[in-house]
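Asks: fold the following for me, if possible:
(3 chains)
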Amino acid sequence: MSVGCCLTMEQHERGPDAAGQRSGLREEDDEREWCCTADDRKTSLLALAVASSELTAVHQKHLVVTCNYEARRYGVNKMMSVSVAKERCPDVILICGEDLTPYREASYQITELLEEFSPLVERLGFDENFVDITELVEKRLQRIGSGVVPADLFVSGHVYGNQALNPADGKHVRLALGSKIGDEMRGAIYERIGLTSSAGIASNKLQAKLVSGTFKPNRQTTLLPESVLDCMGNLMHLKQIPGIGPKTVRRLEFHGVHTIHALQTFPLDLLEKELGVCAAQRIHKLSFGEDDYPVTPRGPPQSLSNEDSFRKCSSLVEIRTKLEELLISLLIRLQKDGRVPRTIRLTIRRSSATNQWFNRESRQCPVPNQLMPKLNTGTCELVPPLVDILIKLLQKMVDTRYLFFVSLLNVCFSNLMQPALPSPLKGSIGFYLTQKSPGKLDTSPKVKVKRQLLEQWRESDDLGDATSPLKKKSNFLESASEDSSDSAQVFSNTDLPPGIDLNVFRELPANIQMEIISDASRSPDQQKYHSPQKQSIEKTPRKGSFSFRSLTEDQRKLLVPPDPESNLSNPSAVHCIAPDFHSRTSAGPGNHLEARTVPGPSPACEVLQPAKTEAPTDQSSPPFPNNVDAKVFSQLPAELQKELLGEWKQQRTMSKADVTKRDSKVKPSAGPRHCQKTPKSNSILKYFSKR
DNA sequence: GTGGTGTAG
DNA sequence: GGTTCTACACCAC
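Replies: As a prediction, this is how the structure comes out:
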């Protein structure tokens, strides 16, 4: 029999000495009464940012995604628009919850802590973890002696349905021991990270998850086998079963299945016809509380993505700006992760007159070989070529010669591979040896990672292709070893930075050893081999710190080449101000957005815009360009119409200057795309009628 | 490998 | 199909 534990983070109670500072959250949040209920879903970690003593809400874009009880007393609620929240509660403090960096990092700390108990930890979102504690339980059972049940055997926390424990039942004994372990885990999370949590202890993942929320906050519940059917029967909705989402619910309800009981008794063959054999059998079993899916540690994420949504984005200039921002924070994460992506994907969502929202659509392509080695080095020079690739992917989905509206952009790096060589640009090999969350190499014990790295080093040294990245590594070693040829020192543990295994260290090439040692002598804030906690907690900048807007001026200079010449020669390096967008996304005090410095020519000359084909800028002319059909325009949502009018008006005032600039600075041969003729009048109809 | 769908928090 | 920002599994091709 297996024993599983599902832990859900929920609360942040201690002062800045605990998780406040360590997870990079607001230091002033020193009193916390915040707690989340079982139905809070993803917001519990976001809630960490909420100062409970004040009226506080977390928002993403124009929506309040969560708020504290103080704010709720004034009528603020989740999923309420920010404007309504402000109306009801003018003093509410709004915290932007769009940058998930602090939550992601806190989340990985928790997972790592749980891995100290058992290697079988499966993350579910940012705030839930499944832990398979079967082995731990068995060990404890052996310790107390088989068949001998201690008289003081009891269940830590609650028992579902108040069912009495039967000490003669082996399953009961194991679950009781499991409850003790669950208690210890929650204690450790509280002691070391400062978060309270709820837990469910049961015989499988489904059951553990379902009971974990029975008593909240800061409580745990154990489900004994005899209560499983009760537990399932008490679920009010099909959607409460993890694995049954809204689509499946609708399909089930279409066939008259509205309750758990109805699902249990629904003929399996009909279910298989409707959902397919696999899915049908799975959810049928789930309805009885049966779940044979094992706890599966996922290791590091399989992809890294970043997205932003907006009401509309209709020009390549805006798209480029957005893509740059998304890419920059992604590249920083990629650098921390240490792996190299082989695939890049762009996902968009577009809006139109007829359908407010399209489903997402995406296109992906391999990352060009020449870019790959640099991708995790944090260098800014990759932004322009990557943006170019993304624009090409966009143009596979959208004909950008015509008017288009995109309301979401998502950039995703996937197919993440360990680099063939630790990048010298990274500055520290120790980084590879010790780096863990959130960009960790692996969640397995450090030694294993080190061995893998050493194997990689050995393997790569055996290869002789002069053009391969591996050979480049070798070249790097050769050049480096010239400097360190006399460094055949004998090192002891005291020479090494914390966390580096001496035996592993000794197997590294001499020059790499020197690099690690020289890293150790740097000032602490320069070092990259903090202990995992230090690295992920103390070094974590405050919320929003990884977005371009919040970078320091120096950082921006690093990321945005200041040379106007380079911008001229490479249009994709042009950076623009998008005041309209920025003002919409600005997030209140402490998170305001700044206009970006704009080297290079005006971005307006870069991309075809509807305004460029407008009628002469006569005040008496229609307010929109003459290639836009008035009828079609009138079908657009009022909001869009308003924004377009404003935009076109602005462009009209700018167009003269732009044309002059373009004529004087840009040669006709600069790029066919930029010189394409605008679509014929009314061609916008094509766009709208198609969809 | 690609692209879409569904699910999850 | 309520948002947002992820992440993964699965399937068809």
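
Asks: quick one: residues contacting residue A:255.
Replies: With contact set as Cβ atoms under 8 Å, 6 or more residues apart in numbering, residue A:255 has these partners: A:266, A:270, A:274. All C-beta spots, glycine's among them, are computed from the backbone N, C-alpha and C.

Asks: which parts of chain A sit against DNA strand C?
Replies: Contacts of chain A with DNA strand C, taken as Cβ under 7 Å from any atom of the strand, map to A:42, A:60-63, A:65, A:79, A:98, A:100, A:104, A:125, A:246-247, A:250, A:276, A:278, A:296, A:298, A:300-309, A:355-357, A:408, A:410.

Asks: what helix or strand is residue A:363 on?
Replies: strand A:361-366 (DSSP states H and E).

Asks: nearest to DNA strand B: which residue in chain A?
Replies: As assessed by Cβ to the nearest atom of the strand, DNA strand B sits closest to residue A:245 within chain A, at 2.3 Å.

Asks: rewinding a little: the strand holding residue A:363 pairs with which strands, and in what direction?
Replies: According to DSSP bridges, strand A:361-366 forms sheet pairs with strand A:340-350 (antiparallel).

Asks: close to DNA strand B, is the strand it pairs with?
Replies: Yes: with Cβ under 7 Å from any atom of the strand as the measure, strand A:340-350 is seen reaching DNA strand B through A:342, A:343, A:345.

Asks: on that earlier part again, okay, the helix or strand following the strand holding residue A:363 in PDB with CA atoms only?
Replies: Per DSSP H and E, the first helix or strand lying C-terminal to strand A:361-366 is helix A:383-397. Coordinates of each C-alpha in helix A:383-397 appear next as PDB, following Å, rounded to 0.1, in the frame of the first residue of the first chain:
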ATOM      1  CA  VAL A 383      17.400  39.900 -28.800                       C
ATOM      2  CA  PRO A 384      17.300  41.400 -32.400                       C
ATOM      3  CA  PRO A 385      17.800  38.100 -34.300                       C
ATOM      4  CA  LEU A 386      15.300  36.300 -32.000                       C
ATOM      5  CA  VAL A 387      12.800  39.000 -32.500                       C
ATOM      6  CA  ASP A 388      13.300  38.600 -36.200                       C
ATOM      7  CA  ILE A 389      12.600  34.900 -35.900                       C
ATOM      8  CA  LEU A 390       9.500  35.500 -33.900                       C
ATOM      9  CA  ILE A 391       8.200  38.100 -36.400                       C
ATOM     10  CA  LYS A 392       8.600  35.500 -39.100                       C
ATOM     11  CA  LEU A 393       6.700  33.000 -37.000                       C
ATOM     12  CA  LEU A 394       4.000  35.700 -36.500                       C
ATOM     13  CA  GLN A 395       3.800  36.200 -40.200                       C
ATOM     14  CA  LYS A 396       3.100  32.500 -40.700                       C
ATOM     15  CA  MET A 397      -0.100  33.200 -38.800                       C
END
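
Asks: closest residue of the stretch 301-450 of chain A to DNA strand C?
Replies: Counting by Cβ to the nearest atom of the strand, the stretch 301-450 of chain A gets nearest DNA strand C through residue A:302, at 3.2 Å.

Asks: wait, doesn't that residue sit right on residue A:414?
Replies: Yes: using Cβ atoms under 8 Å, residue A:302 makes contact with residue A:414 at a distance of 6.5 Å.

Asks: so which of the two has more stuff around it?
Replies: More crowded of residue A:302 and residue A:414, by other Cβ atoms under 10 Å: residue A:414, with 16 against 9.

Asks: that one sits in which helix or strand?
Replies: Assigned by DSSP H and E, residue A:414 falls in strand A:406-417.

Asks: other SSEs contacting that strand?
Replies: Under the contact definition 3 or more Cβ pairs under 8 Å, 6 or more residues apart in numbering; DSSP states H and E, strand A:406-417 sits against strand A:303-313, helix A:316-337, strand A:340-350, strand A:361-366.

Asks: and it with strand A:303-313, angle?
Replies: Orientation check (axes from the mean of the first three to the mean of the last three Cα atoms, to 10 degrees): strand A:406-417 against strand A:303-313 gives 170 degrees.
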